[in-house]
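K.L.:
Okay, here's the prediction I keep looking at, along with the sequence it came from:
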Amino acid sequence: MTVGTGATATPVRYPDLRSQPLMNRRAWWLVCLNFLIPGSAQVLAGSRRLGRFGLGTTLLFWLLVVVAVVAALVGRTTVLAIILTPVALWVVTAVLVFYGVVWLICTLDTFRLVRFVRLGGAVRASVALLAVVALVLTGGAAFGGAWLAGAGAVVAGKVASNTVDIPGGKAVGPITGPVNVLLVGSDSGGGNAAYGARGETLNDVTILMHISPTSRSATVLSIPRDLFVPQPECTRADGTVSPAEGQAKFNTALSRGGLSCVAASTTALTGLPVDYAALIEFDGVVKMSDAVGGVPVCLTSPIDDPYTGLKLDAGTQTIQGATALSFLRTRHGLSGGGDLQRISNQQVFLSALVRKVKDSSTLADPVKLVNLANAAADSMTLSTALGQTATMVSLALTLRDIPLDRIAFVQYPSRATYIRGLSVAVPLTDSAAVLTGALKADKAVEVGGLGTAATTDPKATKAPAASGSPSPSPSATPGGGAAVQLPSGATGQSAAQQTCSTGQG
């Protein structure tokens, strides 16, 4: 066969089709070049117009990547907050889809340029396999990234469209000092008929999370729903005022005026301002436990609660969905059967959940992360500032760097009693003063002992440290300061402690 005069000078563009060794080497070069720099194979051996377009697209794409990486190194929180807005995420989605399509076109054209029929049998199979693997890797990366960005845009849009104002909330921005985040679990059922007829809407669970970048700690304070304390005046979402009450159970705050009234009552009780707040419905617990693939919990004795329909055998088992919700709500299935035992049981679950979420396999699974974010967005109402990407990113980055043994789950110090025939809990004022004083001083805390429905897991193994770093002891953490030892009235556990719930047997 006759070739052009440029055949000897440019064997890639004008190869000698009779030379199988040359065609074999050329095939390897073209496939590898297309994988590394889409468009380069076309410039050398095919349509220069397509090649220049592919090269230009590739260079522009990687220039954007380099700029984004450098900017993130200079101002990580700010850059992430900008990139994770709905508009920016849709732009990222479009760019990745476009680049993926260009890469796909160049890859298919490279198949044509290789001229498989001119290759040796073994080389033909090897080159074809490499080309297919390269196509799957590059296409998967581009289109998978586009899917993640698009899913993130949907989640960010949902969150931003479902927010509520709370009094005294912080402005949007980076987390540079201590913050207090209020988490409220509503028992309204969110309109889901599966939970039966609901009466007044109560804050079934009230948790105040104090996050401190300075002491590298987080204190998760559970407030008993039966805590009998004064309720302050508060402003409802519609602008009307709910009058103060002399004494009332803490779980009536939500029915008095929504999330803002729970925030006001929490501040009145603890003396700590509520910077951000979130309200979650029953369905949110179900979906979020499903999203992480369930949470492993340990029971020293069985739970059989006819009120919630929860039946669990002794031992360790993974619970999710409606079972996880029932586990968090049960009290009749616990030894003691009271509200304070229920909080202790919740701490067993929450500590296991934190350990699982911080585990690298969970954080590295994009499908789990997207499902978790979607579950939260579908079932949560956030305060206005918390609903902004900048705030959520700052909180996530701060929490990521806190070791497990610096995350303390604490029950607000109280004891069960009866007042005028009503079963309530009353504060243990001395213990409460030590606890709230430590939080106001932005200190880490170490609990005074396990709650009344928890015991140490006899099969406990050493928990993994956060971010792959060793987990120092609470009393001597470099850069974090010594933890305040709480009195025995302030019970709970750290996220590093592996504990079991004690059923009613």
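P.N.:
Structure received.

K.L.:
What segments of the stretch 401-505 of the chain are helices?
P.N.:
In the stretch 401-505 of the chain, the helices defined using DSSP state H, counting those that start in this stretch lie at 429-440.

K.L.:
pLDDT weak spots in it?
P.N.:
Along the stretch 401-505 of the chain, segments meeting pLDDT under 70 span 461-480, 505.

K.L.:
Where does pLDDT dip in the stretch 101-250 of the chain?
P.N.:
Looking at the stretch 101-250 of the chain by pLDDT under 70, you get 162, 167-174, 189-200.

K.L.:
okay, now the domains of the protein?
P.N.:
20-160, 184-198+280-502 (automatic domain parsing).

K.L.:
Pipe the ones you listed into a markdown table and attach mean neighbour count per row.
P.N.:
Any C-beta I mention is one placed from the backbone N, CA and C, and that applies to glycine too. Conversion of those to a markdown table gives the following (neighbours: other CB atoms under 10 Å):
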| stretch | mean neighbour count |
| --- | --- |
| domain 20-160 | 17 |
| domain 184-198+280-502 | 19 |
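
K.L.:
And the strands in the stretch 351-500 of the chain, which stretches?
P.N.:
Counting by DSSP state E, counting those that start in this stretch, the stretch 351-500 of the chain has strands at residues 380-383, 407-411, 414-419, 422-427, 445-446, 454-456, 484-485, 492-494, 499-502.

K.L.:
Contact partners for the residue lying closest to residue 47 once chain neighbours are set aside?
P.N.:
Distances taken as CB to CB, 6 or more residues apart in numbering place residue 109 nearest to residue 47, at 7.2 Å, with adjacent residues excluded. Contacts for residue 109 (CB atoms under 8 Å, 6 or more residues apart in numbering) come out as 41, 42, 46, 47, 50.

K.L.:
got a markdown table for those, with secondary structure too?
P.N.:
Below are the contacts of residue 109 laid out as a markdown table (DSSP: H, G, I helix; E, B strand; the rest coil):
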| residue | secondary structure |
| --- | --- |
| 41 | helix |
| 42 | helix |
| 46 | coil |
| 47 | coil |
| 50 | helix |
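
K.L.:
Relative to residue 121, which of those residues is nearest.
P.N.:
Of all the contacts of residue 109, residue 41 has the smallest distance to residue 121: 22.7 Å, by CB to CB.

K.L.:
that older thread, TSV for the strands of the stretch 351-500 of the chain, including distance to residue 59?
P.N.:
As requested, the strands of the stretch 351-500 of the chain are arranged in TSV below (distance: least, CB to CB, whole Å):
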stretch	distance to residue 59
strand 380-383	40
strand 407-411	45
strand 414-419	64
strand 422-427	65
strand 445-446	53
strand 454-456	58
strand 484-485	56
strand 492-494	50
strand 499-502	55
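
K.L.:
Quick check: which of those strands is nearest to residue 150?
P.N.:
With CB to CB as the criterion, residue 150 lies closest to strand 380-383 of these, at 20.7 Å.

K.L.:
Give me the sheet partners of that closest one and which way each runs.
P.N.:
When sheet partners are counted by DSSP bridges, strand 380-383 sits next to strand 163-164 (parallel), strand 276-280 (antiparallel).

K.L.:
picking that back up, with distance to residue 220 as extra columns, can I get the domains of the chain in a markdown table?
P.N.:
Shown next, in a markdown table, are these (distance: least, CB to CB, whole Å):
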| stretch | distance to residue 220 |
| --- | --- |
| domain 20-160 | 22 |
| domain 184-198+280-502 | 5 |
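
K.L.:
so which of the ones you listed gets nearest residue 261?
P.N.:
With respect to residue 261, and counting by CB to CB, the nearest of those is domain 184-198+280-502 at 10.3 Å.

K.L.:
roughly how far out does that closest one sit from the chain middle?
P.N.:
15 Å (CA atoms, centre = their mean, to the nearest Å).

K.L.:
And the longest strand anywhere in the chain, what does it pack against?
P.N.:
Longest strand in the chain, counting residues (DSSP state E): strand 203-212. With contacts defined as 3 or more CB pairs under 8 Å, 6 or more residues apart in numbering; DSSP states H and E, strand 203-212 has these neighbours: strand 179-186, strand 217-223, helix 253-257, helix 259-270, helix 389-400.

K.L.:
List the neighbours of that strand that are in contact with it.
P.N.:
For strand 203-212, the surrounding residues in contact (CB under 8 Å, 6+ apart) are 175, 178-187, 218-223, 225, 250-251, 253-254, 262, 266, 270, 272, 274, 328-329, 346, 395, 398-399, 402, 439, 442-444.

K.L.:
hang on, the earlier thing: out of the helices and strands packed on strand 203-212, nearest to residue 299?
P.N.:
Nearest of the helices and strands packed on strand 203-212 (CB to CB): strand 217-223, 19.9 Å.

K.L.:
Paired strands for that closest one, with orientation please.
P.N.:
In the sheet, strand 217-223 lines up against strand 203-212 (antiparallel), strand 407-411 (parallel) (DSSP bridges).

K.L.:
now these in a markdown table, with distance to residue 296?
P.N.:
Listed next are the strands paired with strand 217-223 as a markdown table, based on distance: least, CB to CB, whole Å:
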| stretch | distance to residue 296 |
| --- | --- |
| strand 203-212 | 21 |
| strand 407-411 | 17 |
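
K.L.:
and residue 351, which of these is closest to it?
P.N.:
Using CB to CB, these put strand 407-411 closest to residue 351, at 6.0 Å.

K.L.:
can you list contacts of the closest one?
P.N.:
Contacts for strand 407-411 (CB under 8 Å, 6+ apart): 217-222, 224, 340, 343-344, 347, 350-351, 354, 435, 444-447, 451, 483, 486, 490-496.

K.L.:
Just the CA trace of it, in CSV.
P.N.:
The C-alpha coordinates for strand 407-411 follow below in CSV (Å, rounded to 0.1, in the frame of the first residue of the first chain):
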residue,chain,number,x,y,z
ILE,A,407,-18.0,15.0,72.2
ALA,A,408,-20.0,14.7,75.4
PHE,A,409,-23.6,13.7,75.6
VAL,A,410,-25.0,15.2,78.9
GLN,A,411,-28.5,15.1,80.5
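
K.L.:
relative to helix 429-440, how tilted is that strand?
P.N.:
Counting by axes from the mean of the first three to the mean of the last three CA atoms, to 10 degrees, strand 407-411 lies at 150 degrees to helix 429-440.
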